[in-house]
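Undergrad: This is the structure alone, sequence omitted:
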């Protein structure tokens with residue numbers, strides 16, 4: 001009996017050890033073998049930005065000795081991420097993207113303490129307000145019908161001169177042109193404050209176009225930052241082109257490539273020759289007072305005039321119109337007798353007025369006059385070759401007006417009017 005009890009006792013001890021063995025295998029005095037543990041990463045990192053910082057200077061994040069950065073993300077209130085670069089040793093990170101002026105940023109940081117502890121922290125900083133802001137007046141003014149001809153350029157007038165090539169590139173980067181259908185186009189710096197945008201070819205009929213200056217807080221140059229956002233939308237109507245043949249004394253209007261009407265006209269006589277070249281309709285006036293003194297003709301001279309003119313379609317700022325000239329009907333179709341304008345009968349002038357809109361094309365050929373200048377007296381933009389046009393972009397290359405994927409069309413709520 002004693003022997004059996006002894007054997008039973010040994011069996012009980014063996015069973016107890018068998019139960020304890022798996023428990024012992026699940027624990028260890030070595031914390032690292034248990035995997036990373038969560039910590040507060042705040043004490044591990046240092047953000048260089050304190051208080052209000054200069055937006056022109058980079059912001060850095062540095063890890064304390066023995067620690068390393070695993071991820072850093074800087075975002076503005078709209079969720080836009082500022083580009084940055086993590087050093088190869090993961091000890092520091094620095095912004096490489098532009099910071100906006102007068103903007104609050106959140107910095108999300110992940111770090112490792114080198115002892116198997118990993119964690120996150122969020123820190124914040126703000127940038128100083130800019131002392132000088134660049135704003136942009138956009139054209140054309142689409143407050144009316146918002147429908148323009150296929151020759152209409154987009155215009156930007158800056159609030160102050162921008163001369164530095166790098167600063168001009170920044171201006172072009174904060175200007176956005178989108179359209180449906182997309183076209184290939186480019187900016188042209190007319191002077192230090194004015195830019196024009198046009199497609200390589202005329203705008204397609206029915207195109208919807210959006211232009212935006214969206215550089216709020218963006219650094220343009222030292223001390224100069226983008227100001228308030230501005231934007232406009234417009235539509236492109238039918239392709240209406242009028243060709244005035246000064247030699248044949250005839251105007252021919254085409255709509256979408258089809259001849260609609262030919263009209264007998266008179267253009268500028270010798271000494272007042274009408275300008276050759278492509279012009280863009282600038283505006284229309286039911287009645288306008290025309291006085292020879294405005295173009296340098298002395299009052300009382302044999303060439304002086306002072307008239308109320310009807311159905312006037314303007315093509316230059318200096319006063320060249322296509323208009324009613326009932327006093328010269330006998331010369332229309334036969335002789336050039338005007339002071340530079342294109343004259344026609346009152347009925348024909350009203351028809352032309354009713355069938356033309358701002359942005360339509362008016363081309364003069366076979367005149368003895370000079371060619372329409374590209375800028376300063378209207379829109380002679382289309383007289384510049386595409387190659388030369390692109391050369392006057394600060395970025396030096398054309399761009400596509402494609403609407404980004406997932407974004408609504410530029411003027412998607414507006415139905416093309418043709």
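TA: That came through fine. Only a predicted model underlies this, so the values are computations on that prediction, with no experimental measurement involved.
Undergrad: Distance across stretch 76-85, terminal residue to terminal residue?
TA: Start-to-end span of stretch 76-85 (C-alpha to C-alpha, to the nearest Å) is 17 Å.
Undergrad: so what's the closest residue to residue 246 other than its chain neighbours up against?
TA: Once flanking residues are discounted, residue 246 sits nearest to residue 367: 3.8 Å by C-beta to C-beta, 6 or more residues apart in numbering. C-beta coordinates here come from the backbone N, C-alpha and C atoms, glycine included. The neighbours of residue 367, taking C-beta atoms under 8 Å, 6 or more residues apart in numbering as the test, are 246-247, 267-268, 273-276.
Undergrad: among those residues, who's most crowded?
TA: Within the contacts of residue 367, most neighbours by other C-beta atoms under 10 Å means residue 267, with 30 neighbours.
Undergrad: State whether that residue and residue 336 are indeed in contact, as I suppose.
TA: Yes. Residue 267 is within contact range of residue 336, at 4.8 Å (criterion: C-beta atoms under 8 Å).
Undergrad: residues shared between the contacts of those two?
TA: 246, 249, 273-274.
Undergrad: count of neighbours near residue 219?
TA: Neighbourhood size, residue 219 [other C-beta under 10 Å]: 20.
Undergrad: same check, this time on residue 280
TA: Neighbourhood size, residue 280 [other C-beta under 10 Å]: 24.
Undergrad: Likewise for residue 397?
TA: 7.
Undergrad: which element is it on?
TA: For residue 397, there is no enclosing helix or strand under DSSP states H and E.
Undergrad: got the phi/psi numbers for it?
TA: phi -150, psi 150 (degrees, to the nearest 10).
Undergrad: got it, and residue 43?
TA: phi -70, psi -10.
Undergrad: What is the subsequent helix or strand relative to whichever strand in the chain runs longest?
TA: Among all segments of the chain classified by DSSP state E, the strand with the greatest residue count is strand 117-127. The C-terminal neighbour of strand 117-127 among helices and strands, as given by DSSP H and E, is strand 132-134.
Undergrad: Endpoint to endpoint, stretch 368-379 covers what distance?
TA: Where stretch 368-379 begins and where it ends lie 20 Å apart, using C-alpha to C-alpha.
Undergrad: So what's the residue count around residue 394?
TA: Neighbour count of residue 394, defined by other C-beta under 10 Å: 19.
Undergrad: shouldn't it be in contact with residue 168?
TA: Yes. Contact criterion C-beta under 8 Å: residue 394 and residue 168 qualify, at 3.5 Å.
Undergrad: what do these two both touch?
TA: Taking C-beta under 8 Å, 6+ apart as the criterion, residue 394 and residue 168 both touch residue 189.
Undergrad: Any idea how far the helix or strand hosting residue 197 is from the middle of the chain?
TA: Using DSSP H and E, residue 197 sits in strand 194-199. Centroid separation between strand 194-199 and its chain, computed with C-alpha atoms, centre = their mean, to the nearest Å, is 10 Å.
Undergrad: Now do whichever helix or strand comes after that strand and strand 194-199, the angle between them.
TA: Proceeding N to C from strand 194-199, the next assigned helix or strand is strand 208-213, under DSSP H and E. Between the axes of strand 208-213 and strand 194-199, defined by axes from the mean of the first three to the mean of the last three C-alpha atoms, to 10 degrees, the angle is 150 degrees.
Undergrad: can you give me the helices in the stretch 1-150 of the chain?
TA: Ranges of helices within the stretch 1-150 of the chain are 2-25, based on DSSP state H, counting those that start in this stretch.
Undergrad: Run through it and note the low-pLDDT ranges.
TA: For the stretch 1-150 of the chain, applying pLDDT under 70 flags the ranges 1-34, 142-144.
Undergrad: so where do the strands sit in it?
TA: 37-40, 45-47, 52-53, 60-63, 68-75, 81-82, 84-86, 92-95, 104-112, 117-127, 132-134, 136-139, 147-148 (DSSP state E, counting those that start in this stretch).
Undergrad: Who are the contact partners of residue 228?
TA: 133, 135, 216.
Undergrad: Apply 6 Å and report the result again.
TA: By C-beta atoms under 6 Å, 6 or more residues apart in numbering, the residues touching residue 228 are residue 135.
Undergrad: tell me the secondary structure for it?
TA: Classification of residue 228 by DSSP: H, G, I helix; E, B strand; the rest coil places it in coil.
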